[in-house]
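**Q** Generate coordinates for the sequence data below:
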Amino acid sequence: MGRVRQEIGKAVVGQDGAVSGLLIALLARGHVLLEGVPGVAKTLLVRTFSRALGLDTKRVQFTPDLMPGDVSGSLIYDARSGEFEFREGPVFTHILLADEINRTPPKTQAALLEAMEERQVSTDGVTRPLPAPFLVAATQNPIEHEGTYTLPEAQLDRFLMKLVVEVPARDAEVAVLRRHADGFSPRALDGVEAVVTASDIASAQQAVEAVTVTDDVLTYIVDLARATRQSPSVQLGASPRAATALLAAAKAWAWLGGYPAITPDHVQAMIVPVWRHRIRLRADAEIEGVSVEALLTSVLQQTPVPL
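**A** Next up, the predicted model:
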């Protein structure tokens, strides 16, 4: 995974947090929602990530007129055989880049629900498995809301993490301009090589699952989830699925750091990216300026940490 970071660094500068999030999602068999203003390399990051992993990737530009069959596939009539045959959609890949996912209606967004949760597509009574590994990396723009659709809670809950891709720091931005001045092309990705195989990824995922966790840490995760539900500012708190997602992300983060077991520190590091999109605040709390990130920070401060 360290070699994957190095390869991504050949094309993407100043997004170490987002790279870590993608690696954690891959190892935990989850999906990622990337949110950021245009021009911060969200699409380039995913393309470089898949190139360094040596995995197939497909990109879907989500638009208001996109249909569910355009994503998952559809039955096509074959005049020669007189039968219908299934034509696979772009979801049949290892890494699916769902660009600007909030620009398509919920009907089309729902086409991804089964694929993201069950790793399969069901059409006309036939279930077709998706390749392994399978990861959906969706992007959205938090600024421009004209012509967008709010992601349903069921859709948001399928994403293991929501990563906020920030504008890089000053030195990193200078490095980006230097690369472009020297002839770097974000479309060619010259020099980025595949440094792992699908079997390496499968082995890493199994190693992450083998990371141990004590009952005290499990209780700590549950206490954090229950604290979000009891907050007066919260309309919808962290669900049991959110708790299992936090556990999976903490396992991956611990494994990347070389730890055989997760600690409360790993849980605390993952709680914001894993839960920031799963908690719905009350309208009066939003008016008062309460943010989900501030709420989660408060929950961490008030919940006793196991020693």
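**Q** which other residues reach stretch 72-87?
**A** Contacts made with stretch 72-87 from outside it, assessed by C-beta atoms under 8 Å, 6 or more residues apart in numbering, are listed as 88-89, 91-92, 111-112, 114-115, 121, 123-124, 126, 128. Where you see a C-beta, it was placed from the backbone N, CA and C, and this is true even at glycine.
**Q** Which members of those residues are positioned in helices?
**A** Of those, the ones assigned to helices by DSSP state H are 114-115.
**Q** Tell me which of the contacts of stretch 72-87 has the lowest pLDDT.
**A** Looking at the contacts of stretch 72-87 by pLDDT, the weakest one is Asp124, with 76.
**Q** tally of neighbours for it?
**A** The number of residues packed around Asp124, counting by other C-beta atoms under 10 Å, is 8.
**Q** Against Val37, how distant is Ala198?
**A** Ala198 sits 34 Å away from Val37 when distances are taken as C-beta to C-beta, to the nearest Å.
**Q** which residue ranges form the helices in this structure?
**A** Across the chain, reading from the start of the chain, the helices by DSSP H fall at 2-9, 16-27, 42-53, 69-72, 106-109, 113-118, 153-156, 170-181, 198-209, 215-230, 240-256, 264-275, 283-287, 292-302.
**Q** For the fifth one, buried residues please.
**A** When you say that, I think you mean helix 106-109. Burial within helix 106-109, assessed by neighbour count using 16 or more other C-beta atoms under 10 Å, is assigned to 108-109.
**Q** Touching that helix from outside, list them.
**A** 62, 66-68, 70-71, 101, 149, 151-152, 155.
**Q** circling back to that earlier point, the helices of the chain into CSV, with extra columns for distance to Leu33?
**A** Putting the helices of the chain into CSV (distance: least, C-beta to C-beta, whole Å) gives the following:
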stretch, distance to Leu33
helix 2-9, 19
helix 16-27, 10
helix 42-53, 10
helix 69-72, 16
helix 106-109, 12
helix 113-118, 11
helix 153-156, 7
helix 170-181, 23
helix 198-209, 20
helix 215-230, 19
helix 240-256, 12
helix 264-275, 10
helix 283-287, 20
helix 292-302, 14
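**Q** Tell me which of these approaches Ile143 most closely.
**A** In this view, those are compared for proximity to Ile143 by C-beta to C-beta, and helix 42-53 is the closest at 13.1 Å.
**Q** can you list contacts of the closest one?
**A** Under the contact criterion C-beta under 8 Å, 6+ apart, helix 42-53 has outside partners 3-4, 7-8, 10-12, 15, 18-19, 22, 26, 34, 36, 56-57, 59, 94-95, 97, 99, 137, 139, 165, 186, 189, 192-196, 201.
**Q** Not counting sequence-adjacent ones, nearest residue to the residue most central in space within the chain?
**A** For the chain, the residue whose C-alpha lies nearest the mean C-alpha position (C-alpha atoms, centre = their mean) is Val32; its distance is 0.6 Å. Spatially, and ignoring its direct neighbours in sequence, Val32 is nearest to Ala25 (4.6 Å; C-beta to C-beta, 6 or more residues apart in numbering).
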